[in-house]
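K.L.:
Got a sequence here, can you model it:
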Amino acid sequence: MKPTDSEMEILQILWEQGESSVRTVHEMLNRKDVGYTTTLKLMQIMYEKGMVSRDTSSKTHVYKALLSKEQTQHQFLTRMIDTVYNGSTARLVMQALGNNRTSKEEIDLIKAYLKQLENS
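P.N.:
Down below sits the predicted model:
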């Protein structure tokens, strides 16, 4: 299941905040061009697709992400590597590291991770 960009924005909020009402999600989207009813409709569609669950036991419906953040990130990354980098993980890593936004701490973490991969 591939979430759309708008669905990904909502999932990000649900992953960070946990269970949330439509009002909470809508306020966190910080988008002036989208009305509350649009957010509500999108979350209803996500419920129908099985991306989120919905608790209707109280007046305010509460939604929870059913897709795991890690699994969704993995699917997007795999698809991006295949389509944008022609299946080359090395090209992706070199492009990402060459963007001049990688801190020394991040480079140290990457080195430690690579060393761990070599040892396993």
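
K.L.:
What is the least confident helix or strand in this structure?
P.N.:
Comparing every helix and strand of the chain by mean pLDDT, DSSP states H and E singles out helix 89-97 as the least confident one, with a mean of 88.

K.L.:
Tell me the gap between that helix and the middle of its chain.
P.N.:
Averaging C-alpha positions (Cα atoms, centre = their mean, to the nearest Å) puts helix 89-97 20 Å from its chain's average.

K.L.:
And the contacts of it?
P.N.:
If you take Cβ atoms under 8 Å, 6 or more residues apart in numbering as the criterion, helix 89-97 is touched by 80-81, 84-85, 102, 107, 110. Every residue, glycine included, has its C-beta placed from N, CA and C.

K.L.:
Tell me who's in contact with residue 17.
P.N.:
Taking Cβ under 8 Å, 6+ apart, one finds 24, 28 in contact with residue 17.

K.L.:
hmm, try it at 6 Å
P.N.:
Residue 17 sits next to no residue when contact means Cβ atoms under 6 Å, 6 or more residues apart in numbering.

K.L.:
confidence score at it?
P.N.:
Confidence per residue is given as pLDDT, and for residue 17 that number is 95.

K.L.:
all helices for this structure, in order.
P.N.:
Secondary structure of the chain (DSSP state H): helices at 5-17, 22-29, 36-49, 69-84, 89-97, 104-119.

K.L.:
ok, back up a step: of the contacts of helix 89-97, just the buried ones, PyMOL syntax please.
P.N.:
Only the buried members of the contacts of helix 89-97 end up in this PyMOL selection, burial being decided by 16 or more other Cβ atoms under 10 Å:
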select buried, resi 81
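
K.L.:
out of the contacts of helix 89-97, which one sits closest to residue 8?
P.N.:
residue 80 (13.1 Å; Cβ to Cβ).

K.L.:
what about the closest residue to that closest one other than its chain neighbours, neighbour count?
P.N.:
Counting by Cβ to Cβ, 6 or more residues apart in numbering, residue 80 lies nearest to residue 92, which is 7.4 Å off, once chain neighbours are set aside. Number of residues near residue 92 (other Cβ atoms under 10 Å) recorded here: 15.
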